[in-house]
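Novice: Here is my input, please return the structure:
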Amino acid sequence: IGFADDPDNPSAQRLRDVQPGDYVIMHTKASIGGVGRVVRPYYEVDRAQAEGVAADYWRRIDVEWLVGQHSYDDLLPGAKQLQTVVTLDEDVFWRLAAKYADDPRFEEVLNPPEDWRERAGLARSGAWIFQANPQKWPGWADMLQRTPPFDETWTASRRRADMHVGDAVLLWKSGDQAGVYGVAKIIREPFEPEDGDESDFDSEWKVLLSVERLLDAPLLRDELRQDPVLQDMEIIRQPAATNFRLSTPEYERLKQLLGTPAPTLESTARDCCCNPAFIEDIVQQLKRKHQVIFYGPPGTGKTYVAGKVAEYLAGADPDRCKLIQFHPSYTYEDFMEGIKPEARECGDGRWEVSYPVRPGSFMRFCEQAAEDPEGTWVFIIDEINRGQIAKIFGELMYLLEYRGQEIELAYTKTEGDTQAPERFGIPPNVLIIGTMNTADRSIALVDFALRRRFTFIPFYPDDGDHVQGMLARWLDENVPEMAWVARLVDDLNERLTGRVGRDFLIGHSYFMHEDLSEETVRETWRFQIEPLLREYFVGQQSRLDGYRLDELIAGAKGIEQPEGDAGPDDADVVAEESGDDEQ
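Specialist: Residues are numbered from 1 along each chain as shown. The predicted model follows:
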């Protein structure tokens, strides 16, 4: 800066205070010309030796710049733009600097702090808007006619370093009727097309999407401009680009406007990390028999899958799904109907107790379902084998087998001798899913009458057709670098099968954590799996030698172990020699 005739000018003083490492904005004609970092503090040029610009602007700091013209938006009031050197709030700086995030030298020049995105209001939402220009991409119209889910390749022209598998993407059409037309998800990290790819813009980076939903009615730009949360979206302010990051508030608001789509069989299968054929089998059995039971060891996803199947059948209407859990104290009165004491005030400080008959959870559910004959209602009984089933179900055992019939219940009241008693039947639109933990109570103990009334669907970790692959699919989708955990669990269960039986294998949900790492695997083993194994092999301590975590991890990763370590076969020999009985 200059100010040759005013050495005490406030801007000149502020320039003297700037230190190396400080961040600066270049101001040019009411817009940003660049952002940078100071590499040399205040100094003065010898005006007697200087010529031209250096003679006029002889007060200096040296800055390494990222250059490019951008708008201030509303971040710097006009009054401040009239001053030569202005002190900025650091969060304001990062909101402005974020406009240069696509510059390949961004990290090198600015060396931003780890929380710079949060300061800039760009806390990672994992959500994007990808824009298409129908005039440049004739395939847009054809894409809108396809039936989701399907894969689509998109150009990743900027910010591709921030794009990751699993990120949500909203598909935006430019031009007339601009707005959001579809919802997708990134299923492959950005990549450079290989030679010979037959597509437009072959030289540009690409990203692979799974298009999950196309909107019947798009969210149009003109409507979004009226929304206080969305009116400042980058695609509305500066639409000349392909890829736009959404802030967390923007994405949450857009999700509200998009609403919750009814799940499809394919999306339900993806949520459950299984083949669509498995979900289709479950649905077919429910439609044929009206009630099924999922049975298997703990941690195999029985309750989770039951909930997702219920959502699918009920069209994502939470009022049409209900979950209860049986336990030893659960009664017929809780489930069907029974006398429930009620106290009420009679006046003058007196109270009286009455004993009306009140419906239980299942009866209330059936009453609601009967009022909505066109909808499907799903009742989930978790841990169904932990209750006294015959006592809880009562007359329901008859109705489960003879759907469409009605009977008089134990507590049904009649009003006078001539009035027919009230009768109860299960509406045809009510489906029942039970879950049964085979490690808690053997399935062999289940009442044979119940067996005849339910279809039983197994959930065993060694079921290669459906359940066994759930963990591998989940890992591939969420933490692909931990794919070896699926092999570890398979190896562990293969060793356990011959020792404790299928009912006591280890389920995959023990390892389904978003923060999964080798450290959390070891933690899960120490506090959940190892205590379980000790219970399985109580009194047979030597057998635990065949289930050492370091060996299992090495085997899952394909790392050779030194010879001499006792494997499961060696442990069996030791156990037999010590006189331990077979499990």
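Novice: For the closest residue to residue 165 other than its chain neighbours, give me its contacts.
Specialist: Of all residues not flanking residue 165 in the chain, residue 186 sits nearest, at 5.5 Å (CB to CB, 6 or more residues apart in numbering). Quick note: C-beta positions are derived from backbone N, CA and C, even for glycine. Contacts for residue 186 were tallied using CB atoms under 8 Å, 6 or more residues apart in numbering; they are 128, 163, 164, 165, 166, 167, 169, 207, 208, 209.
Novice: Quick one: those as a markdown table, columns for secondary structure too.
Specialist: Below are those laid out as a markdown table (DSSP: H, G, I helix; E, B strand; the rest coil):
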| residue | secondary structure |
| --- | --- |
| 128 | strand |
| 163 | coil |
| 164 | coil |
| 165 | coil |
| 166 | coil |
| 167 | coil |
| 169 | strand |
| 207 | strand |
| 208 | strand |
| 209 | strand |
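Novice: Buried subset of these as a PyMOL selection?
Specialist: PyMOL command restricting those to the buried ones, with burial defined by 16 or more other CB atoms under 10 Å:
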select buried, resi 128+163+167+169+207+208+209
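Novice: Pull the most distant pair out of the contacts of residue 186.
Specialist: 128 and 208 (13.5 Å; CB to CB).
Novice: need the longest helix for the protein.
Specialist: helix 484-500 (DSSP state H).
Novice: Next secondary structure after that one?
Specialist: helix 518-524 (DSSP states H and E).
Novice: That following helix packs against which elements?
Specialist: With contacts taken as 3 or more CB pairs under 8 Å, 6 or more residues apart in numbering; DSSP states H and E, helix 518-524 sits against helix 549-557.
Novice: List the buried residues in the helix it packs on.
Specialist: For helix 549-557, by 16+ other CB under 10 Å, it's 549, 551, 552, 553, 554, 555, 556.
Novice: and it with helix 484-500, angle?
Specialist: 120 degrees (axes from the mean of the first three to the mean of the last three CA atoms, to 10 degrees).
Novice: Quick one: list the elements packing against helix 549-557.
Specialist: helix 484-500, helix 518-524.
Novice: Export the ones you listed as a markdown table, with columns for mean pLDDT, mean neighbour count and distance to residue 560.
Specialist: Formatted as a markdown table, these follow (pLDDT from 0 to 100; neighbours: other CB atoms under 10 Å; distance: least, CB to CB, whole Å):
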| stretch | mean pLDDT | mean neighbour count | distance to residue 560 |
| --- | --- | --- | --- |
| helix 484-500 | 93 | 19 | 15 |
| helix 518-524 | 93 | 15 | 18 |
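Novice: Figure out which of these is closest to residue 99.
Specialist: Judging the helices and strands packed on helix 549-557 by CB to CB, what sits closest to residue 99 is helix 518-524, at 37.6 Å.
Novice: outside of that closest one, which residues touch it?
Specialist: Taking CB under 8 Å, 6+ apart as the rule, helix 518-524 contacts 482, 485, 488, 510, 511, 513, 549, 553.
Novice: Contact partners for the residue nearest to the last one when sequence neighbours are not counted?
Specialist: Computed as CB to CB, 6+ apart, the closest residue to residue 553 that is not its neighbour in sequence is residue 488, at 6.3 Å. By CB under 8 Å, 6+ apart, the contact list for residue 488 reads 521, 552, 553, 555, 556.
Novice: quick one: the fourth one from residue 463, how far?
Specialist: The reference is to residue 555. 21 Å (CB to CB, to the nearest Å).
Novice: same check, this time on the first one
Specialist: Residue 521 sits 23 Å away from residue 463 when distances are taken as CB to CB.
Novice: Next: the third one.
Specialist: In this structure, residue 553 and residue 463 are 24 Å apart, going by CB to CB.
Novice: Output the contacts of residue 186 as CSV; include the columns distance to residue 307.
Specialist: Below are those laid out as CSV (distance: CB to CB, whole Å):
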residue, distance to residue 307
128, 29
163, 31
164, 27
165, 25
166, 21
167, 25
169, 26
207, 32
208, 30
209, 27
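Novice: Which of the contacts of residue 186 sits closest to residue 215?
Specialist: Using CB to CB, the contacts of residue 186 come closest to residue 215 at residue 169, 13.5 Å.
Novice: quick one: that closest one and residue 187 touch, right?
Specialist: No. Between residue 169 and residue 187 there is no contact under CB atoms under 8 Å: 10.2 Å.
Novice: any shared contact partners between those two?
Specialist: Shared contacts of residue 169 and residue 187 (CB under 8 Å, 6+ apart): residue 209.
Novice: If you tally nearby residues, what's the number for residue 508?
Specialist: By other CB atoms under 10 Å, the residues close to residue 508 number 25.
Novice: Next one, pLDDT for it please.
Specialist: Model confidence at residue 508, given as pLDDT, is 94.
Novice: doesn't residue 456 fall inside a strand?
Specialist: Yes. Residue 456 sits within a strand when classified using three-state DSSP.
Novice: okay, the closest residue to it other than its chain neighbours: pLDDT?
Specialist: In space, residue 456 comes closest to residue 293 once its chain neighbours are excluded; the distance is 5.2 Å by CB to CB, 6+ apart. Note on residue 293: pLDDT of 95.
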